[in-house]
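*Asks:* have a look at this prediction, sequence included:
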Amino acid sequence: MTERTIHALGEAYRRGDTTPTAVTEAYLARIEKFDGHVGAYLTVTREPALRAAAAADARHRARAPLGPLDGVPIALKDVLCTKGIRTTCGSKILESFVPPYDATVVARLAAAGAVVLGKTNMDEFAMGSSTEHSAFKPTRNPWDLARVPGGSSGGSAVAVAAHLAAGAFGTDTGGSIRQPAAFCGTVGLKPTYGRVSRYGLVAFASSLDQIGPFAKNVRDAALLLQAIAGHDPHDATSVAAPVPDYAAALDGRVHGLRAGIPREYFAEGVDPEIARAVRAAIETLRGLGVATEEVSLPTTGYALAAYYLIAPAEASSNLARYDGVKYGLRVPGGKDLIEMSSRTRAAGFGAEVKRRVMLGTYALSAGYSEAYYGRAQKVRTLVRRDFETAFARVDLLLAPTTPNVAFKHGEKEDPLAMYLNDALTIPVNLAGLPGLSVRCGFTAAGLPIGLQLIGKPFDEATLLRVADAYERATTWLAREPALP
Ligand code: GLN
């Protein structure tokens, strides 16, 4: 039951073959049995999940479901505020923080009838690429428990890959949906900046953060995006552009589309096994009628450095609110406010978060901000222009999602080695574009490889259409990870 897609679950509910309660119980039992091995969840919300499932049962019995997500069990990254349910951001500083309201995404999912199974593990404040920087526990990759699931949304990726949820949500600031999706072999979609409301998302880097889905297949990703996309008066950065019918875009019609292959995304440093699998995927798409041409995004090599000024700068400002006064942890005993605050932050934040706060504060400090933050913003403009130039010729770009597959726990101790994981995802965030990762093969060692599709602003539909056509033309989804 837990291996079924959201689409298949909906049909089973409609036929009366099973009920949301039966499926929710199956997921809770599976979480009980396997989550000890992979550590996808920080909090399992058993009672509220069963209550939501019972309400969905009644609607299905009355033949009046709220839509395709009614009674579908999902998981939420623990950075999305859930009313009355602890929201930790993977940090000691928010270990006992219980939000007084739901994020817009959470409220929309509830209105669609989705059943929340729990909150998933993540790198602290979404800073990381391995979920090893969670203050609570590491998450393990179901394809090989010695390896990381990627990050920062590692728990959500694993929840979907190991069938501990039918779908899940994460956030992507520099790759945190697409990279763990690639490492775990799920579909992961980062929507266009502005497509989805961030109201109630705990902010990391506000000019980059986006919320998006993880799914077992592309069709499910379309359904999950549909539920959360669209303008929200609570988030001034959400855009009022119309939201298309994403499921309707999955018509297999890719003939005549033009795809650009960015030369810089196959450069040195990309694992040859990945480059080979991605090139084979491109050939498959050509066979379906997609025309391809090589394009160049010459600023690609500068994107990572720009990101590691812009993202920490914004983070240092966003994280200033964790001062022991209002949210979460307070370490008492300081002689004044400053001492209380600095003791709280010293005890509450982990090493990576402190590193980012220091980098960001430095980059913004008087006398340096033009040399660092200001220049990074200029590079960001150039990165965006590269994409604009390419998109004048092509409808989408095809590339690897990551330069390497899932690595071993503890393998990347050096922060720079960790940062390099996101070299192929970060430019997309800097430009605010949509990006999708879909499984396109396995290494000889049996680890999943991700194909990245990058689109024009607000053109998620084309990415879904092409990824769906690819998925249906191949058999990669037949493989499942073997859990102990
Ligand atoms: N790994 C990147 C970082 O550490 C991106 C994280 C993310 O997308 N949230 O900043």
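*Replies:* Received the coordinates, thanks.
*Asks:* and Ile449, how many neighbours does it have?
*Replies:* Close neighbours of Ile449, defined as other CB atoms under 10 Å, add up to 28. C-beta: built from backbone N, CA, C; applies to glycine.
*Asks:* let me fix that, I meant to ask about Gly446.
*Replies:* Count around Gly446 with other CB under 10 Å applied: 12.
*Asks:* please apply the same query to Glu32.
*Replies:* Count around Glu32 with other CB under 10 Å applied: 12.
*Asks:* report the distance from the helix or strand hosting it to the chain centre.
*Replies:* Assigned by DSSP states H and E, Glu32 belongs to helix 20-38. Counting by CA atoms, centre = their mean, to the nearest Å, helix 20-38 is centred 22 Å from the centre of its parent chain.
*Asks:* also stretch 409-422?
*Replies:* The chain centre lies 19 Å from the centre of stretch 409-422; the measure is CA atoms, centre = their mean.
*Asks:* CA-only coordinates of that stretch in PDB, if you can.
*Replies:* Output of stretch 409-422 as PDB, limited to C-alpha atoms (Å, rounded to 0.1, in the frame of the first residue of the first chain):
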ATOM      1  CA  HIS A 409      28.700   9.900   6.300                       C
ATOM      2  CA  GLY A 410      31.700  11.900   7.500                       C
ATOM      3  CA  GLU A 411      33.300  12.000   4.100                       C
ATOM      4  CA  LYS A 412      33.100  15.700   3.600                       C
ATOM      5  CA  GLU A 413      34.500  17.300   6.700                       C
ATOM      6  CA  ASP A 414      35.900  20.300   4.900                       C
ATOM      7  CA  PRO A 415      33.100  22.900   4.400                       C
ATOM      8  CA  LEU A 416      34.300  23.800   0.900                       C
ATOM      9  CA  ALA A 417      34.100  20.200  -0.200                       C
ATOM     10  CA  MET A 418      30.500  20.100   1.100                       C
ATOM     11  CA  TYR A 419      29.600  23.400  -0.600                       C
ATOM     12  CA  LEU A 420      30.900  22.100  -4.000                       C
ATOM     13  CA  ASN A 421      28.000  19.600  -4.100                       C
ATOM     14  CA  ASP A 422      25.700  22.400  -5.000                       C
END
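*Asks:* let me know the average pLDDT across it.
*Replies:* The pLDDT scores in stretch 409-422 average 93.
*Asks:* quick thing: my sequence starts at 32, can you match it?
*Replies:* Sounds good: first residue 32 from here, last item stretch 440-453.
*Asks:* list the buried ones in it?
*Replies:* Residues 440, 443, 449-453 are the ones in stretch 440-453 that count as buried (16 or more other CB atoms under 10 Å).
*Asks:* ok, stretch 69-89 next?
*Replies:* 69-76, 80-81, 83-84, 86-88.
*Asks:* of those residues, which belong to strands?
*Replies:* Using DSSP state E to define strands, the subset of the buried residues of stretch 69-89 located there is 72-75.
*Asks:* test my guess that His91 contacts Thr49.
*Replies:* No. Look at His91 against Thr49 with CB atoms under 8 Å: they stay out of range, at 9.8 Å.
*Asks:* circling back: from the ones in strands among the buried residues of stretch 69-89, pick the one nearest Val285.
*Replies:* Closest approach between those and Val285, by CB to CB: Tyr72, at 36.9 Å.
*Asks:* hang on, that closest one packs against Ser165?
*Replies:* No. Taking contacts as CB under 8 Å, Tyr72 lies outside contact range of Ser165: 11.5 Å.
*Asks:* which residues do those two both contact?
*Replies:* Taking CB atoms under 8 Å, 6 or more residues apart in numbering as the contact rule, Tyr72 and Ser165 both touch Asn152.
*Asks:* quick one: the residue in the stretch 232-381 of the chain positioned nearest to the ligand and Arg77, what's the gap?
*Replies:* At 5.3 Å from the ligand, Ala342 is the closest residue in the stretch 232-381 of the chain, using CB to the nearest ligand atom. Ala342 is 35 Å from Arg77, where distance means CB to CB, to the nearest Å.
*Asks:* can you report how many residues lie near Ala337?
*Replies:* 24.
*Asks:* got the contact list for it?
*Replies:* 407-408, 410-411, 414, 461.
*Asks:* can you rerun that using 6 Å?
*Replies:* By CB atoms under 6 Å, 6 or more residues apart in numbering, Ala337 lies in contact with 407, 410-411.
*Asks:* wait, isn't Leu467 in contact with Ala498?
*Replies:* Yes. If you go by CB atoms under 6 Å, Leu467 and Ala498 touch, sitting 5.5 Å apart.
*Asks:* so what sits against both of the two?
*Replies:* Leu484.
*Asks:* wait, does stretch 152-169 make contact with the ligand?
*Replies:* Yes. Legend: contact between stretch 152-169 and the ligand by CB under 6 Å from any ligand atom is shown at 157-160.
*Asks:* just put those residues in CSV and tack on neighbour count.
*Replies:* Putting these into CSV (neighbours: other CB atoms under 10 Å) gives the following:
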residue, neighbour count
Ala157, 30
Met158, 29
Gly159, 29
Ser160, 28
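*Asks:* out of these, which comes closest to Ala397?
*Replies:* Comparing the residues of stretch 152-169 next to the ligand against Ala397 with CB to CB places Met158 closest, at 25.1 Å.
*Asks:* which stretch of helix or strand covers the closest residue to the closest one other than its chain neighbours?
*Replies:* Take Met158 and drop its neighbours on the chain: the residue closest to it by CB to CB, 6 or more residues apart in numbering is Glu383, 5.2 Å away. Applying DSSP H and E as the criterion places Glu383 in helix 382-395.
*Asks:* hang on, the earlier thing: let me know the closest of the contacts of Ala337 to Pro363.
*Replies:* Ala407 (38.4 Å).
*Asks:* how much space separates the closest one from Leu455?
*Replies:* Taking CB to CB, one finds Ala407 at 19 Å from Leu455.
*Asks:* more crowded one of these two?
*Replies:* Under the neighbour definition other CB under 10 Å, Ala407 and Leu455 were set side by side, and Leu455 has more, 32 against 21.
*Asks:* secondary structure class for that one?
*Replies:* Under DSSP: H, G, I helix; E, B strand; the rest coil, Leu455 falls in the coil class.
*Asks:* now swap in the one 5 residues further on and tell me
*Replies:* Three states are possible here, and by three-state DSSP the one that applies to Asn460 is helix.
*Asks:* how much space separates Tyr58 from Ala193?
*Replies:* To Ala193, Tyr58 is 11 Å away according to CB to CB.
*Asks:* need the max-distance pair from the ones in strands among the buried residues of stretch 69-89.
*Replies:* Across these, the longest distance by CB to CB is 8.7 Å; it joins Leu73 and Val75.
*Asks:* for the stretch 382-515 of the chain, what spans make up the strands?
*Replies:* 427-431, 466-473, 479-486 (DSSP state E, counting those that start in this stretch).
*Asks:* of all those, which lies closest to the ligand?
*Replies:* Nearest of the strands of the stretch 382-515 of the chain to the ligand, taken as CB to the nearest ligand atom: strand 466-473 at 11.1 Å.
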